[in-house]
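1. return atomic coordinates for the entry below.
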Amino acid sequence: MIRRKTKHLCLAAAALTLTMGVSVGSAMAYFTTYASASGGASLSLSNTVTIPEEQVIDWTKHVTIRNTGDVDCFVRVRAFAGETYQDGLTYADDEGKWTPGEDGCYYYSDVVPAGGETQELRIGIDHMDREESFNVIVVQESTPVLYDEQGNPYADWNRVMDSGGTVYTEEGERE
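-> Reported below is the predicted structural model:
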């Protein structure tokens, strides 16, 4: 009697295994897809490298930004002089292309084309008749030119590029 129960149990297990084995093929067909393609397309990844060029003459730093990459961009500049001298910095340009932003940066209003450069921004330095030495550091950032539905260029400063062409979002993530 026990042999009979064991025999029936083994037959049931074998039938279940056989049924599952047969249905695996249709289940695999459901989860797989076959696709083919032909032809080709060329893909070009571009980057923008902006290089600040600075020259100091008579307590004034003359700054231009050159776009050496192959993508048009917008640029912004900010100067740092330390706590003592920061309020003594003055900004000027002859063309009126540089405008101050609320964040302390100066924004260049025109698109800087690949191979082009900005107009000169002059940063005046008030040394306050002090003898100690100090540095004025100019930091520049760029962002690729984006276009709206009408084809007008605009800058998205939440997508800042570094000199290697990597774009960083506001959260600091790489794209």
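2. where does the protein have low pLDDT?
-> Scanning the chain for pLDDT under 70 picks out 1-2, 21-48, 162-175.
3. all strands of it, in order?
-> Secondary structure of the chain (DSSP state E): strands located at 50-57, 60-67, 73-80, 89-92, 98-100, 106-108, 121-125, 137-144, 146-147, 153-154, 160-161, 167-168.
4. need those in TSV with distance to residue 6 and mean neighbour count, can you?
-> All C-beta spots, glycine's among them, are computed from the backbone N, C-alpha and C. Listed next are the strands of the chain as TSV, based on distance: least, Cβ to Cβ, whole Å; neighbours: other Cβ atoms under 10 Å:
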stretch	distance to residue 6	mean neighbour count
strand 50-57	81	14
strand 60-67	82	18
strand 73-80	79	21
strand 89-92	93	14
strand 98-100	89	15
strand 106-108	84	20
strand 121-125	92	19
strand 137-144	73	18
strand 146-147	74	10
strand 153-154	78	12
strand 160-161	73	19
strand 167-168	68	16
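5. select, out of those strands, the one closest to residue 114.
-> With Cβ to Cβ as the measure, strand 60-67 is the member of those nearest residue 114 (5.8 Å).
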